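Student: Okay, sequence plus prediction incoming.
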Amino acid sequence: MGFKKRLLNLVVPVGPVLIPVVKNVTKHGVKDGLSEAQKEIERDHNEMLKKSVFFRQAYDLGQHEGQKQGYIDASVIFEQKLKNQALEFLSKEQSVLTNLNELETLLEGMETYIEYLTQKKKLTDQENQNLKEALVLERRLKQI
């Protein structure tokens, strides 16, 4: 608590309560000003308790316990997140293996189709175009 607030508290006993109310009501209006003043008064009160000789040890102990509990909570959340990521990765691995099998089947089919077209003695224009497209697609599939 600052020197001005202590002096004000000695001179005007309700000063620490009255001044924030008046200041916030003029600044924010009645409803918002009262809620802002209440928050400010509670903050000042909490600060005073934190710095009080009698409550300092209890506050420090509670703060330490809160930090430990926060660490435990964060650890639980981290473990759960890590577990979910591992399960998600394993499910993606299965889909990758499935896609790889599909790719191999597709490549075999393309090679068979290309062999069929290349073994033909006379190709029509459409079959020639199909052969070119099949060769391009096969190269692109092999790059994957």
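Tutor: That came through, no problem.
Student: longest helix of this structure?
Tutor: The single longest helix within the chain, with elements called by DSSP state H, is helix 56-119.
Student: what sits up against the helix or strand just after that one?
Tutor: Reading on from helix 56-119 to the C-terminus, the next helix or strand found by DSSP states H and E is helix 125-143. The contact list for helix 125-143, computed with Cβ atoms under 8 Å, 6 or more residues apart in numbering, reads 103, 106-107, 110-111, 113-114, 117-118, 120, 123. Where you see a C-beta, it was placed from the backbone N, CA and C, and this is true even at glycine.
Student: Any chance of TSV for the residues you listed, columns distance to Gln67?
Tutor: Compiled in TSV, those are given as follows (distance: Cβ to Cβ, whole Å):
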residue	distance to Gln67
Leu103	52
Leu106	57
Leu107	58
Met110	62
Glu111	64
Tyr113	67
Ile114	68
Leu117	72
Thr118	73
Lys120	78
Leu123	78
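Student: Per-residue pLDDT of Val136, please?
Tutor: Looking at Val136, its pLDDT reads 86.
Student: again with Leu18
Tutor: At Leu18, pLDDT is 61.
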